[in-house]
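Chemist: Generate coordinates for the sequence data below:
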Amino acid sequence: MGRKPRPTHLKVVTGEQRPSRINKEEPPVNQGLAVAPAWRSGRAAEIFDRISAILHGMGIASPDDGHALALCASRLEEVGILTIVAEDEGRTYTREGGLRSPCATRSCATPKACWQSSA
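Modeler: Prediction:
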């Protein structure tokens, strides 16, 4: 398989002058801000715009990154929502015996022992 070839503009910048190594038919890189898909939520749109602006400021933004950035923004939104839920309700889960959570005293030697003692 091998390593991916470096883009032509990077070869030229680093001093490559051999014509056999310069791709004159290389497609141009799309420059500009990514366009967000319409399906994202309001908070995800804010995150999308912030990430897109950061990448644009770094000079690595591309309109081709829209769906990947939208997915990233949606996941970051979910992480924020679930973090709030975990902080408000604690880290718990349900199983056959009902709700299970760590013991309130936190006096167990290990977290595993804490979980086992609450069953």
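
Chemist: element containing the residue nearest to the spatial centre of the chain?
Modeler: The chain has Cys72 as the residue nearest its centroid, 4.2 Å off, counting by C-alpha atoms, centre = their mean. Using DSSP states H and E, Cys72 sits in helix 66-89.

Chemist: List the buried residues in that helix.
Modeler: Applying a neighbour-count criterion of 16 or more other C-beta atoms under 10 Å, one finds Gly66, Leu69, Ala70, Ala73, Ser74, Leu76, Glu77 buried in helix 66-89. All C-beta atoms are positioned from the backbone trio N, CA, C, and that covers glycine.

Chemist: for those residues, which one is nearest Ala45?
Modeler: Ranking the buried residues of helix 66-89 by separation from Ala45, with C-beta to C-beta as the measure, puts Ala73 on top at 7.5 Å.

Chemist: thinking that closest one is in contact with Trp39, fair?
Modeler: No: using C-beta atoms under 8 Å as the test, Ala73 is too far from Trp39 to be in contact (11.2 Å).

Chemist: Between those two, which contacts overlap?
Modeler: Overlap between the contact sets of Ala73 and Trp39, as judged by C-beta atoms under 8 Å, 6 or more residues apart in numbering, is nil.

Chemist: got a list of contacts for stretch 25-40?
Modeler: Here stretch 25-40 makes contact (C-beta under 8 Å, 6+ apart) with 7-8, 45, 48-49, 52-53, 55-56, 61-67, 69-70, 73-74.
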